[in-house]
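> Below is the sequence, then the predicted model.
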Amino acid sequence: RIHVDREQPEVHIFGDDVGASVADRLLNELEGHIVQESLVVENLPELSRSTLQRLAHGFRVALHVEASQLLIFGLKERLAGAVVAIRRYIEAPHDSESADLRGSAENVATSSGSGSILRNAAAPR
């Protein structure tokens with residue numbers, strides 16, 4: 001069993017040695033497909049946490065808030081669209097269209113983005 005902690009960037013593996021070994025291998029394979037983008041957000045207190053969660057859920061990415069930064073983690077093919085939509089929302093948080101998914105993540109134009117592989121050596125496995 002794999003448990004992903006929602007409050008901290010940690011993954012916990014439970015089970016016997018064989019199952020834990022398989023889970024660890026699968027997590028290592030997945031790690032190669034995960035990227036991270038960091039956005040500096042000056043107006044973070046103005047942003048609705050529920051809107052950010054809805055955007056993250058719609059694009060199937062994870063968000064983590066650190067001081068004035070918003071960290072976005074996800075599969076390479078999903079991250080660019082999520083970053084575009086979240087940037088649009090940050091720039092105009094009171095504009096209802098800026099946070100509108102209109103059905104799917106594919107409706108948002110993608111940008112190249114500068115993602116880097118997510119690595120967290122401190123996360124227990």
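Happy to help now that I have it. Quick caveat: nothing in here was measured; it's all calculated off a predicted structure.
> hey, let's count contacts and neighbours off CA atoms from now on
Fine.
> all strands of the chain, in order?
Remark: strands assigned in the chain by DSSP state E are 2-4, 11-13, 34-40, 62-66, 69-75, 116-117.
> what comes up buried for the second one?
Buried positions in strand 11-13, judged by neighbour count with 16 or more other CA atoms under 10 Å: 11, 13.
> Give me the sheet partners of that strand and which way each runs.
strand 2-4 (antiparallel) (DSSP bridges).
> got the strands of the chain as JSON lines, with mean pLDDT columns?
Below are those laid out as JSON lines (pLDDT from 0 to 100):
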{"stretch": "strand 2-4", "mean pLDDT": "84"}
{"stretch": "strand 11-13", "mean pLDDT": "89"}
{"stretch": "strand 34-40", "mean pLDDT": "93"}
{"stretch": "strand 62-66", "mean pLDDT": "87"}
{"stretch": "strand 69-75", "mean pLDDT": "92"}
{"stretch": "strand 116-117", "mean pLDDT": "30"}
